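> what follows is a predicted protein model with its sequence.
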Amino acid sequence: MTSKNDKDKQPQYWEHGHLSFSGGGFIGIYHVGVVLAFKEFAPHIASRKALGTSSGALASTCLAAGYPVYQAISGINQMAVHCRSLSFGPLNPRFNMAEIIRTYLQEHLPKDAHKRCSGKLFISTTRVITLTNKVFTEFESRDELIEVLLASCFIPYFLGLVPPKVRGVSYIDGGITDNLQIHDENTITVSPFAGIAIIRPQSSNPFLSDIVYTPENAIRIPRTIFAPPPKVLEDICQQGYADALRFIREHDLFACDDCAQLASRPVRGDCSKCQAFIENSLKARVQPYYVQTLRDAQAAEDAADAANPYQYKPLMRIMNFLRAIAYLPADAAIVATVKASHWWSEIVDMIKRSLENGFVGMCNYARKFLRAQQTSDMCGGPTTAFEGESSR
């Protein structure tokens with residue numbers, strides 16, 4: 001028999017439900033489909049606080065800052081096209097994901113995004129020095145919000161060598177320490193990997209099935225780093241939309257704009273708009289308007305393939321691979337020089353801090369040693385620096 005305390009702990013999604021998005025790299029576009037489904041069919045939940053890590057932080061920003069969904073999809077498409085245009089994809093020295101994310105956020109994020117997100121958006125990051133988790137929920141400026149988002153997504157090497165700084169402290173990908181935030185029993189967790197999340201893939205999609213975001217399955221992470229074709233990205237987005245609708249339907253969370261303002265669940269049948277929502281959800285899909293950029297990118301890839309039908313022949317593949325290998329050292333040298341000039345002040349600052357820390361450490365040891373010697377002279381016996389310190 002269920003006790004009163006157990007009942008109190010049961011999820012109350014209508015009254016208090018809120019979304020939490022895991023990391024996922026390129027297949028984090030799954031989150032965008034989930035976001036769109038909640039904005040359309042359960043706006044009362046979409047308007048509440050949002051939690052996110054890495055690519056999930058970008059998705060949660062769509063909710064907290066009112067960032068348009070079609071622009072989020074367009075940004076993911078831009079990053080994927082950039083990745084797929086390079087030999088070796090994200091391993092190519094010219095891969096510059098961080099700059100694309102920064103530029104896109106600066107151009108499209110609302111001017112008052114930091115005000116909208118403060119107290120409502122929870123972004124998971126990892127502090128570099130201690131490798132401990134840090135969740136940001138207050139943002140002093142729009143630029144600081146962008147830096148926090150970059151930090152939450154920052155995978156060393158793939159997004160750069162010098163991690164973003166927030167208030168003078170360096171942070172990297174939040175998925176290292178907390179990939180899926182849970183605040184309470186009302187947290188609706190979302191992940192593009194099959195596993196423990198509440199909203200997760202149910203199909204046999206090869207990019208999504210049988211994936212659990214754990215160290216044991218780390219070999220599957222390349223699927224999140226190497227961008228799949230635009231058509232696959234659209235399928236993943238549609239999958240997120242369908243899985244979110246399934247959850248909304250199972251928990252009866254449909255609400256029109258009027259019913260979304262109610263404090264408690266409305267009586268079904270009293271609202272014709274909600275009834276229409278329920279009926280429309282059975283055949284709903286992401287509208288072409290949102291994924292048009294993905295379809296255009298796929299059409300461009302198909303046209304390029306048709307114009308060069310021999311590129312996938314074994315001999316051409318070998319020649320292209322050898323050419324890429326030959327150009328790689330020169331590319332790496334050029335890109336390293338450019339990035340070093342861009343990060344020079346950061347590199348000098350890191351070296352300076354390291355030297356200062358080393359000097360301070362030597363001074364502290366010398367001070368302890370002298371104190372130990374002084375104690376030894378006063379006591380009339382030999383005492384080591386460690387003994388002197390412990391006796392103190």
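Everything's here; your move.

> and the helices in the stretch 51-200 of the chain?
All helices of the stretch 51-200 of the chain, identified by DSSP state H, counting those that start in this stretch, fall at 55-64, 69-84, 97-108, 113-117, 142-153.

> name the helices or strands packed onto the longest one?
With contacts taken as 3 or more CB pairs under 8 Å, 6 or more residues apart in numbering; DSSP states H and E, helix 69-84 sits against helix 29-41, helix 55-64, helix 97-108, helix 230-250, helix 288-307. Heads up, the C-betas are built off the backbone N, CA and C, glycines and all.

> what about the third one, average pLDDT?
Read that as helix 97-108. Helix 97-108 carries an average pLDDT of 91.

> what's the closest of the helices and strands packed on helix 69-84 to L150?
helix 97-108 (6.1 Å; CB to CB).

> picking that back up, pick the most deeply packed of the helices and strands packed on helix 69-84.
Sort these by mean neighbour count, taking mean count of other CB atoms under 10 Å, and helix 55-64 sits at the top with a mean of 28.

> next, the angle from that helix to helix 230-250.
Here helix 55-64 points in a direction 60 degrees away from that of helix 230-250 (axes from the mean of the first three to the mean of the last three CA atoms, to 10 degrees).

> start to end distance for stretch 146-161?
18 Å (CA to CA, to the nearest Å).

> can you list the buried residues in that stretch?
Judged by neighbour count using 16 or more other CB atoms under 10 Å, the buried positions of stretch 146-161 are 146-155, 158-160.

> who's in contact with P110?
By CB atoms under 8 Å, 6 or more residues apart in numbering, the contact list for P110 reads A65, G66, Y67, R116.

> tell me which of the buried residues of stretch 146-161 is nearest to D302?
F158 (27.6 Å).

> count of neighbours near the spatially closest residue to the closest one that is not a sequence neighbour?
Of all residues not flanking F158 in the chain, P90 sits nearest, at 5.2 Å (CB to CB, 6 or more residues apart in numbering). Other residues near P90 come to 19 when the count uses other CB atoms under 10 Å.

> shouldn't P90 be in contact with I155?
No - judged on CB atoms under 8 Å, P90 makes no contact with I155 at a distance of 9.1 Å.

> mind listing the shared neighbours of those two?
Listed as contacting both P90 and I155 by CB under 8 Å, 6+ apart are I225.

> hmm, back to that, just the pLDDT at the residue nearest to F158, thanks.
Predicted confidence (pLDDT) for P90: 79.

> on that earlier part again, flag the least confident of the buried residues of stretch 146-161.
G160 (79).

> show the contacting residues for the closest residue to that one other than its chain neighbours.
Closest residue to G160 apart from its sequence neighbours, by CB to CB, 6+ apart: A98 at 5.0 Å. By CB under 8 Å, 6+ apart, A98 lies in contact with L150, C153, F154, L159, G160.

> show me which pair in the residues you listed is furthest apart.
Spatial extent of those (CB to CB) is set by the pair C153 and G160 at 10.7 Å.

> which residue packs closest to C256, ignoring adjacent ones?
The shortest distance from C256 to any non-neighbouring residue, by CB to CB, 6+ apart, is to K273 (3.7 Å).

> tell me the pLDDT of that neighbour.
pLDDT for K273: 81.

> equivalent analysis for N179, please.
For N179, pLDDT reads 92.

> which residues does it contact?
S22, G23, T53, S54, S124, Y213.

> distance check, the second one against H31.
Read that as G23. The gap separating G23 from H31 is 10 Å, by CB to CB, to the nearest Å.

> need the overlap of contacts for those two.
By CB under 8 Å, 6+ apart, the residues touching both G23 and H31 are S55, G56.
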